[in-house]
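>>> need coordinates for the following:
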Amino acid sequence: RSLKDDDEFTLLYSRFLVAQQQEAQAEVELKRFLRKKFSEPLIDLYGQINISEQQLSFAETFLKKHADSAVLYLSLSRLSIAQHLWGKARDYLTKSISLAPSAAAYAEMGTLLERFGEQQEACAAFRNGLNLVHGTSIGTKG
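Just a heads-up that it's a prediction; the model follows:
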């Protein structure tokens, strides 16, 4: 029983379920835990599992109490992308990057911008993500 209340165990178990192509069960486990206690690693994985339209509205319930979580906004953007809510996804990505720039958020932003033919902006987003990974300064010029 104590393992069910452990966020690290829930994360490992949920990752195992995803690897076994049991995303629906992983979503249930993540949701069960997140209802009790917010966890950035768990909400991050939750945002990568796209099995139902209700996931976005569930994840959005955390905005009020965790408005400072870049990981939450990244997850919300991924769930928005899965539902083809492009404007919402872009807004969430922008917020995530403004709170705490990450290579993952920049990669998602680059892919989203590329989808809509915004090549220069997409390249800048990808470059910024790579710069974060390699520890160089972030710049938008070429």
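
>>> off-centre distance for stretch 16-30?
Centroid separation for stretch 16-30 versus its chain: 16 Å, with CA atoms, centre = their mean, to the nearest Å.

>>> point to the residue nearest the middle of this protein.
Nearest to the mean C-alpha position of the chain, by CA atoms, centre = their mean, lies Ser75 at 2.5 Å.

>>> who's in contact with that one?
Neighbouring residues of Ser75 by CB atoms under 8 Å, 6 or more residues apart in numbering: 43-44, 46-48, 59. Where C-beta positions appear, they are placed from N, C-alpha and C, glycine not excepted.

>>> what of Ala105?
Going by CB under 8 Å, 6+ apart, Ala105 touches 70, 73-74, 77, 93, 96-97, 129.

>>> quick one: secondary structure of it?
helix (DSSP: H, G, I helix; E, B strand; the rest coil).

>>> could I get the pLDDT score of it?
According to the prediction, Ala105 has pLDDT 97.

>>> chain neighbours aside, what residue packs nearest to it?
Spatial nearest neighbour of Ala105, chain neighbours left out: Ser96 (4.6 Å); criterion: CB to CB, 6 or more residues apart in numbering.

>>> equivalent analysis for Ser14, please.
Residue nearest to Ser14 in three dimensions, not counting chain neighbours: Ala26, with 4.3 Å by CB to CB, 6+ apart.

>>> same question, Asp7
In space, and not counting its chain neighbours, Asp7 is closest to Ser39: 4.5 Å by CB to CB, 6+ apart.
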